[in-house]
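Novice: Please find the sequence and the predicted model below.
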Amino acid sequence: MTLKTTIKHIQADTAIISFAGNLTLGMGLGLADSQIQNLIDNGVCRMVFDMTTVPYIDSSGLGELVHTYGLTLQKAGCCGYAASMNG
């Protein structure tokens, strides 16, 4: 399943990043990384990651989330994560 990323700005420094699909190594994750880096470069330091439609995360996907967490902390920001539990 190809990863799709949607970004919704809530405030100038806050965004909701919604992922749909597997958060795994590949083009989709690379594009998501570029989009997230662009947000940080433009002053977004508070992010909520909506992963309610992510069925699988590999080590690369987890690494991306941890890396982004570190970047937001450097900007005195924070990250939040939302996901559903199935069975």
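Specialist: Nice, I can see it. Since the structure is predicted, the reported quantities are computational estimates derived from the model, not experimental observations.

Novice: from here on, contacts and neighbour counts on C-alpha atoms
Specialist: OK.

Novice: tell me the pLDDT at M85?
Specialist: pLDDT recorded at M85 is 75.

Novice: That one and M51: what is the separation?
Specialist: Note on M85: its distance to M51, by CA to CA, to the nearest Å, is 11 Å.

Novice: So for those two, which residue has more residues nearby?
Specialist: Comparing M85 with M51 by other CA atoms under 10 Å, the one with more neighbours is M51, at 20 against 6.

Novice: pretty sure I40 is touching T72, no?
Specialist: Yes. I40 lies in contact with T72 (CA atoms under 8 Å); the separation is 7.5 Å.

Novice: Got phi/psi on K75?
Specialist: Here is the backbone geometry of K75 (degrees, to the nearest 10): phi -100, psi 20.

Novice: ok, and the closest non-adjacent residue to it?
Specialist: The shortest distance from K75 to any non-neighbouring residue, by CA to CA, 6 or more residues apart in numbering, is to C45 (6.0 Å).

Novice: check contacts around the closest residue to A32 other than its chain neighbours.
Specialist: Distances taken as CA to CA, 6+ apart put T5 closest to A32, at 6.3 Å, once the chain neighbours are dropped. Contact analysis of T5 by CA atoms under 8 Å, 6 or more residues apart in numbering lists 17-20, 32.

Novice: again, only using 10 Å
Specialist: Contact analysis of T5 by CA atoms under 10 Å, 6 or more residues apart in numbering lists 17-21, 28-29, 31-33, 35-36, 50.

Novice: same deal with D13?
Specialist: Counting by CA under 10 Å, 6+ apart, D13 makes contact with 39-40, 42-47, 77.
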